[in-house]
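Q: okay, sequence plus prediction incoming.
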Amino acid sequence: MPEELIAVGSGTRRVEDIALDLMKFVALTSGYGKPPASAGFQARAEKPDDVVQSLLELYDRCRAAVEHTPGK
């Protein structure tokens, strides 16, 4: 399976690496996968499997966005 590379600045990076960095950025800056904070009430915790599934779906969306970026 050939690896798809994208030229970035003076080097090249794999699509998967760029998508992973994008997923990390989105997850950290948006609180993705974390329960909403509420005043005085304990938020219902998601099951670990649900959190993993939502992060995998986010990664798939990020990879699709990177793969379909114009100019690559």
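A: Thanks, I have it.

Q: C-alpha from now on. contacts and neighbour counts both.
A: Noted.

Q: now the strands for the protein?
A: 5-8, 11-14 (DSSP state E).

Q: buried residues in the longest helix seen in the chain?
A: Counting by DSSP state H, the longest helix found in the chain is helix 48-67. For helix 48-67, the neighbour count (16 or more other Cα atoms under 10 Å) marks 51, 55, 58-60, 62-63, 66-67 as buried.

Q: low-confidence stretches in the protein?
A: Where the chain drops to pLDDT under 70, the residues are 1-11, 33-45, 70-72.

Q: now do 80
A: Counting by pLDDT under 80, the chain shows low-confidence ranges at 1-12, 32-46, 69-72.

Q: reformat the buried residues of helix 48-67 as a markdown table; add distance to residue 15.
A: Shown next, in a markdown table, are these (distance: Cα to Cα, whole Å):
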| residue | distance to residue 15 |
| --- | --- |
| 51 | 23 |
| 55 | 17 |
| 58 | 15 |
| 59 | 11 |
| 60 | 11 |
| 62 | 10 |
| 63 | 7 |
| 66 | 7 |
| 67 | 7 |
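
Q: in these, find the pair that's most separated.
A: Across those, no pair lies farther apart than 51 and 67, at 24.3 Å, counting by Cα to Cα.

Q: ok, back up a step: what does the longest helix of the chain contact?
A: Identification of contacts with helix 48-67 by Cα atoms under 8 Å, 6 or more residues apart in numbering yields 15-16, 18-20, 22-23, 33.
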